[in-house]
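**Q** fold the stuff below for me.
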Amino acid sequence: MTAWLGALILAGVLATATLSGVFGMAGGLILMGLLTALLPVPAALAIHGLVQMASNASRILLHLKHVVWRVVGFYAIGAVATMGAFLFISYAPTKAVVYLALGLLPIVVWLPERYIPLDAARPPHAVLAGILSTAMALTSGVSGPLADVFLVRSVLTRHQVLSTKAALQMFSHLSKVLFYGGAILMAGGGGFTPPWLLVTACALAVLGVTLGARVLDKLTDQGFRSWRRWIFTGIAAMYLVQAAILFARGS
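**A** Okay, the predicted model is just below:
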């Protein structure tokens, strides 16, 4: 890996982790797109999972008192069941599929609540969120927007949404590390990044979340929900264009 590529990845990790520290999801979407553009898809998925685990762990620690553990427990049931099912499936998405998923998933934040009244505070909904989010993470690399729909429509505050979301996403990111990172290591480690880069990226992810937390404290709950939608919509449009280009080229 060249020095400029490593520097670009590290800069992207810090910037996107800061954004995630504020909105919980947008940073992860952007980082996944950046890694997909720079690295082979399996490596991008594994590295994204590892860095996001560090980012989410720091968010959990920063807002530990706000985590709704009951939701996490029921979500874990669905997530673990899905990981078990995927032990019998062999699949790796293409770059075009990843970009398409990155573009389509944020659209779910606009789904009318009256038509799809999802609420992670309800146990069956939390289990369903675990199933869907983990499946999407393993097939396309992203799942944040799905978990988001189950959380932002509940009565949770912005701090509860952010912290609980971080705990939920640990399962999705762990699944990517185990499935794709494990496959790369079993194949000899080709395409994986140097250990020093992974360690530095994780440290920068923690720093970014800490910086983002300061911005989060200055937002209102209403502003938090409003800004999320528009940021996600802009990101979605960018990725849909990229996916269309790749599909047109037959990539």
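**Q** now the stretch 51-200 of the chain, which segments are flagged as low pLDDT?
**A** Residues of the stretch 51-200 of the chain meeting the criterion pLDDT under 70: 113, 183, 185-192.
**Q** packing partners for the longest helix anywhere in the chain?
**A** What stands out as the longest helix in the chain, according to DSSP state H, is helix 221-249. Using 3 or more CB pairs under 8 Å, 6 or more residues apart in numbering; DSSP states H and E, the elements in contact with helix 221-249 are helix 3-23, helix 26-38, helix 95-104, helix 144-152, helix 158-176. From N, CA and C alone the C-beta is placed, and that goes for glycine too.
**Q** I'd like the mean pLDDT over it, please.
**A** Across helix 221-249, pLDDT averages out at 81.
**Q** now the angle from that helix to helix 144-152?
**A** Interaxial angle, helix 221-249 versus helix 144-152 (axes from the mean of the first three to the mean of the last three CA atoms, to 10 degrees): 160 degrees.
**Q** sorry, back to before: looking at the helices and strands packed on helix 221-249, which is closest to D217?
**A** helix 158-176 (8.6 Å; CB to CB).
**Q** distance from the closest one to the middle of the chain?
**A** Its chain's C-alpha centre and that of helix 158-176 lie 8 Å apart, by CA atoms, centre = their mean, to the nearest Å.
**Q** among the helices and strands packed on helix 221-249, which comes closest to V206?
**A** For V206, the closest of the helices and strands packed on helix 221-249 is helix 3-23, at 7.5 Å, according to CB to CB.
**Q** give me the contact list for the closest one.
**A** For helix 3-23, the surrounding residues in contact (CB atoms under 8 Å, 6 or more residues apart in numbering) are 26-28, 30-31, 34-35, 38, 51-52, 55, 59, 193-194, 197, 200-201, 204-213, 215-216, 219, 224, 227-228, 231.
**Q** G73 is in contact with F171, correct?
**A** No. F171 lies out of contact with G73 (CB atoms under 8 Å); the separation is 11.4 Å.
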